[in-house]
Each structure stands twice: as structure tokens, then as C-alpha cells.
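[1] Please find the sequence and the predicted model below.
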Amino acid sequence: NYPGCPEDSPMNSYAVSAEEFQESINNKMPDELFHAVHSHNSAPDIILKYYTANEVPKMKIHESAENYLEAILIISLRQAHVRSIDIANELAVSKPSVSLAMKNLRENGFLSVDADGFITLTETGRSVAERVYERHTFLSSWLSSMGVDPETAAADACRMEHVISAESFAAIKQYVKENG
């Protein structure tokens, strides 16, 4: 059994090899895929391979991928070009970690890298990054407006942005709009 999976979870039937796992999820519905990848060590690679370059994700991609995409968006708002070193500095991670993430994100249609090493989000990557960034800025501001220390609000928003459902986020936004 995989940690956190109920005994009768379909995930437990996949537990043979990474290749068999990858093959088994290719024909699964998004909810099943979501539970499968979040219980497997290769989750970032597997979930990114699920999407095509022209498909806007209909489910949550892995948190680390969202963080990289959001960082690229934020950097691109501050400066004309985004390089791997900029991302490493923004996220306080190693250059090899950024290189691996950029490779996976590029191969799965979330970004492109030109001959000069400049990184650009694709339409799909920008869509994910903007969704995460909107959640972050809104939640951070909302928490601060309720008296939460701005630093704590930003840290909490960073965690919340990845787990809140679209339905809950829309409801909170609507409530704040109607009630101030």
C-alpha cells in the first residue's frame, strides 16, 4: 500500500514499477490520476506528461511545478528576460534543480527555452502561472486585511494557493466582493 491510500485504492494496484505505473495512468480519469501521482515518487514527471502543449490543466499539477511556473511569471513582470539563474535565486534552489525542472516543464509544453537560454511560458504554462499567482496575491491580501501579519499571510497564501479548489477560491472571492 502507498502511504495515505485506503486499502481498496486503485493506486495500490499500480505498485509494480515506474514503467507499469506510467502505462497504467495513461488511460485514467483526472481524479484517479490526481490520487495516483500524489502517492508516487515520480509525481512531478508523471503528472506533467499527462498534459499536452495545447491543453489547459483541468486538475492540480504538482506544487513544485506550480512554484516554478509562478516564479517565471513573477520574474517576467520585473524584467525583460528570464534565465535559469534568476529562477534559482527567486526560489532559493540549486541550478541543477532548476535545470531538471525546466527540462520537464519544457518537454511537457509549459515553457520554451530559446538559443540564448531565455525562458518563456507557453500559453498553457502562463495559464497555470497566472492562476497560482492570482490565488497567491488574493489570499495574501485577504489574510492581511483580516489582521494577519503580512509575512505570515504571504507564507500561508503560498501553501494555500496549491491546495484550494477552484470552487472554494471562487466562493471566497465572491464573498469578499460582496462583503468587503
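    Yep, that arrived.
[2] Next, count neighbours for residue 85.
    11 (other C-beta atoms under 10 Å). Every C-beta, even on glycine, is put in place using the N, C-alpha and C of the backbone.
[3] Quick check: chain neighbours aside, which residue is closest to it?
    Distances taken as C-beta to C-beta, 6 or more residues apart in numbering put residue 95 closest to residue 85, at 6.7 Å, once the chain neighbours are dropped.
[4] Then residue 106?
    Using C-beta to C-beta, 6+ apart, the nearest residue to residue 106 is residue 113, at 5.8 Å.
[5] before we move on, what about residue 139?
    In space, residue 139 is closest to residue 157, 3.8 Å off (C-beta to C-beta, 6+ apart).
[6] which other residues reach the helix or strand hosting residue 127?
    If you go by DSSP states H and E, residue 127 is part of helix 123-145. With C-beta atoms under 8 Å, 6 or more residues apart in numbering as the test, helix 123-145 has contacts from 51, 53-57, 61, 65-67, 69-70, 72-74, 105, 109-111, 121, 150, 152-154, 156-158, 160-162, 164, 169, 172-173, 176.
[7] Those in helices, which ones?
    65-67, 69-70, 72-74, 105, 150, 152-154, 156-158, 160-162, 169, 172-173, 176 (DSSP state H).
[8] Just the buried ones from the residues you listed?
    65-67, 69-70, 72-74, 105, 153-154, 157-158, 160-162, 169, 172 (16 or more other C-beta atoms under 10 Å).
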